[in-house]
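In: Need a 3D model of the sequence below.
(one chain, ligands or ions: 3)
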Amino acid sequence: MKPLKVALLGCGVVGSQVIRLMHEQAGDLTARVGAPLELAGVAVRRLGRKRDIEVDPALLTTDAEALVARDDVDIVIEVIGGIEPARSLIVSALSRGKSVVTANKALLAEDGATLHEAARTGRGDLYFEASVAGAIPLLRPLRESLAGDHVKRVLGIVNGTTNYILDKMDSTGASFTDALEEAQTLGYAEADPTADVEGFDAAAKAAILAGLAFHSRVRAEEVHREGITDITATDVASAKAMGNVIKLLAICARSDDGRSFGVRVHPAMIPRSHPLAGVREAYNAVFVEAESAGQLMFYGKGAGGAPTASAVLGDLVAVGRNRLAGTRGPEESTYASLAVHPMGETVTRCHVALDVADKPGVLAQVAELFAKHDVSIQTVRQEGHGDDAQLVIVTHRATDAALSATMEGLRELDIVRAVASVMRVEGDE
Ligand SMILES: NC(=O)C1=CN([C@@H]2O[C@H](COP(=O)(O)OP(=O)(O)OC[C@H]3O[C@@H](n4cnc5c(N)ncnc54)[C@H](O)[C@@H]3O)[C@@H](O)[C@H]2O)C=CC1
Ligand SMILES: N[C@@H](CC=O)C(=O)O
Ligand code: NA
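Out: Ligands and ions are numbered 1, 2, ... in the order given. Coordinates of the predicted model:
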């Protein structure tokens with residue numbers, strides 16, 4: 001049986017686990033694909049570096065472009081990350097008719113169009129299951145299993161690092177910095193963890209999810225993004241006191257008229273009874289709501305070398321089978337071309353804590369401001385007295401524009417000493 005030759009680009013956290021699994025499961029993979037998968041070469045940045053896995057030195061090269069261009073290479077796995085040289089290497093592989101498996105959500109959300117076009121013209125496959133929610137089979141269900149349904153909403157936790165940090169802050173009182181360091185040691189964080197904590201990674205994943213769910217092209221820059229760096233131990237404790245937990249959520253939702261959709265990533269309070277509240281450590285969980293299927297929930301390991309490599313291997317088997325059968329997997333589907341609506345039009349709820357003077361008339365002034373912006377209050381609670389008084393308000397649903405205007409107005413009121421914290425509330429409508 002002629003082997004399918006595989007070029008691996010990058011031998012870090014994910015790449016080293018891909019090599020391990022290809023080696024350990026070689027027999028099963030051969031049987032499942034219908035031909036042996038043979039590692040043709042491994043592109044690395046530095047040859048002499050100590051690695052998590054032993055690799056035959058004869059396979060290592062620092063010339064990724066030459067490896068991709070080799071005539072005997074059938075499939076390229078890209079696990080370098082970042083925009084360049086990953087984009088040029090993937091385009092080079094696809095335009096030569098090779099198939100590509102990638103975990104690179106940053107690139108897919110920045111310039112997926114170029115990659116998909118190269119796959120279309122080169123007649124190869126572009127598979128990217130590992131790019132969103134690590135090991136969890138989520139993109140193939142959206143791309144294939146739900147291709148006959150009408151997806152209305154995708155909502156979930158898609159970044160392991162931030163979930164790990166928020167979970168540790170909530171459950172052990174760990175500091176943000178300590179929890180981030182642990183997540184980095186465990187191989188969950190991106191090379192630059194700013195991508196995780198500022199929400200860029202989740203925004204890239206949200207763009208990919210929205211594109212697949214709504215058959216439209218979405219770029220990361222169209223995603224409303226807020227990270228978790230401003231969340232303090234006080235926010236976490238205050239959420240806890242109210243029976244809530246703070247999670248970084250990605251939400252992609254069609255508008256009621258179905259002509260547009262919103263796509264956003266931000267921290268939000270959710271009730272502890274909500275299924276997403278029980279998603280701990282670096283686990284991810286995503287709800288998909290489709291018209292006929294109803295609600296589906298996907299849960300599992302969203303980060304880490306072995307779980308991510310599992311998704312890469314699944315794609316490797318799929319593209320290997322396609323090559324042997326002379327077929328291709330599904331192409332990009334953007335026929336609906338729906339527009340992304342601005343964040344201001346999104347309907348959400350808000351939790352706000354105000355440091356106020358504890359004197360008559362304060363509550364009336366605050367309530368009047370909410371009414372002026374047509375934002376209805378669900379609950380008000382006062383904590384503390386005198387100079388330590390704090391009003392904790394939870395609103396009913398309103399547009400994000402109205403909620404933002406209300407917060408601006410509150411900051412300008414003389415009786416409000418400080419808007420101590422503002423957080424959206426999700427999951428209890
Ligand atoms: N670590 C995780 O949990 C997950 C990672 N991913 C994605 O997988 C990809 C890889 O991530 P990790 O393995 O965690 O990153 P990593 O930083 O551990 O590995 C990347 C490797 O690529 C090498 N590299 C950089 N430039 C290169 C070049 N020009 N030629 C050859 N090698 C080069 C680096 O030296 C490094 O060893 C990224 O796109 C990441 O977003 C996706 C899901 C989960
Ligand atoms: N850094 C990412 C890795 C997986 O995509 C995360 O923490 O989720
Ligand atoms: Na996945």
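
In: Looks like residue 235 contacts residue 423 (just checking).
Out: Yes: with contact defined as Cβ atoms under 8 Å, residue 235 reaches residue 423; the gap is 6.8 Å. In this view, the C-beta of every residue, glycine as well, is placed from N, C-alpha and C.

In: Quickly list what residue 290 is bridged to.
Out: Beta-bridge pairing of residue 290 under DSSP bridges involves residue 151, residue 294.

In: ok, it - how many residues close by?
Out: Neighbour count of residue 290, defined by other Cβ atoms under 10 Å: 19.

In: repeat for residue 333
Out: Considering only other Cβ under 10 Å, residue 333 is surrounded by 15 other residues.

In: One more: residue 298?
Out: As a burial measure, residue 298 scores 17 neighbours (other Cβ under 10 Å).

In: Write out the residues of the stretch 201-350 of the chain neighbouring ligand 1.
Out: With Cβ under 6 Å from any ligand atom as the criterion, the stretch 201-350 of the chain meets ligand 1 at residues 303-304, 308.

In: now those residues in JSON lines, with neighbour count?
Out: JSON lines is the format used below for those (neighbours: other Cβ atoms under 10 Å):
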{"residue": "303", "neighbour count": "29"}
{"residue": "304", "neighbour count": "20"}
{"residue": "308", "neighbour count": "28"}
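
In: so can I have CSV of those showing pLDDT?
Out: Formatted as CSV, those follow (pLDDT from 0 to 100):
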residue, pLDDT
303, 95
304, 95
308, 98
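
In: which of the residues you listed lies closest to residue 144?
Out: Nearest to residue 144 among those: residue 308, at 20.4 Å, using Cβ to Cβ.

In: Please enumerate the shared neighbours of residue 235 and residue 423.
Out: Residues touching both residue 235 and residue 423 (Cβ atoms under 8 Å, 6 or more residues apart in numbering): residue 246.

In: picking up where we left off before, among the residues of the stretch 201-350 of the chain next to ligand 1, which ones are in helices?
Out: Of those, the ones assigned to helices by DSSP state H are residue 308.

In: Quick check: beta-bridge partners of the residue nearest to residue 154 when sequence neighbours are not counted?
Out: Of all residues not flanking residue 154 in the chain, residue 252 sits nearest, at 4.4 Å (Cβ to Cβ, 6 or more residues apart in numbering). Counting by DSSP bridges, residue 252 is bridged to residue 154, residue 263.

In: Can you name the residues that contact residue 252?
Out: Residue 252 makes contact with 153-155, 206, 209-210, 213-214, 261-263, according to Cβ under 8 Å, 6+ apart.

In: who wins for neighbours among these?
Out: residue 206 (32 neighbours).

In: Wait, that residue touches residue 159, no?
Out: No: Residue 206 is beyond contact range of residue 159, at 9.9 Å (criterion: Cβ under 8 Å).

In: any common contacting residues for the two?
Out: Residues touching both residue 206 and residue 159 by Cβ under 8 Å, 6+ apart: residue 250.

In: Mean confidence (pLDDT) on stretch 187-204, please.
Out: Stretch 187-204 carries an average pLDDT of 97.

In: Just name the shakiest helix or strand of this structure by mean pLDDT.
Out: Counting by mean pLDDT, DSSP states H and E, the chain has its least confident helix or strand at helix 233-241, which shows a mean of 89.

In: What residues of that helix count as buried?
Out: Residues of helix 233-241 classed as buried: 235-236, 238-239 (neighbour count, 16 or more other Cβ atoms under 10 Å).

In: could you say what helices and strands that helix packs with?
Out: Packing contacts for helix 233-241, counted by 3 or more Cβ pairs under 8 Å, 6 or more residues apart in numbering; DSSP states H and E, involve helix 160-171, strand 244-254, strand 416-425.

In: And the contacts of it?
Out: The contact list for helix 233-241 (Cβ under 8 Å, 6+ apart) reads 166, 169-170, 173, 175, 245-246, 269, 351, 353, 392, 420-421, 423.

In: starting at the chain centroid, how far to it?
Out: Taking Cα atoms, centre = their mean, to the nearest Å, the mean C-alpha location of helix 233-241 is offset from the chain mean by 24 Å.

In: and what of stretch 2-18?
Out: The chain centroid and the centroid of stretch 2-18 are separated by 23 Å under Cα atoms, centre = their mean.
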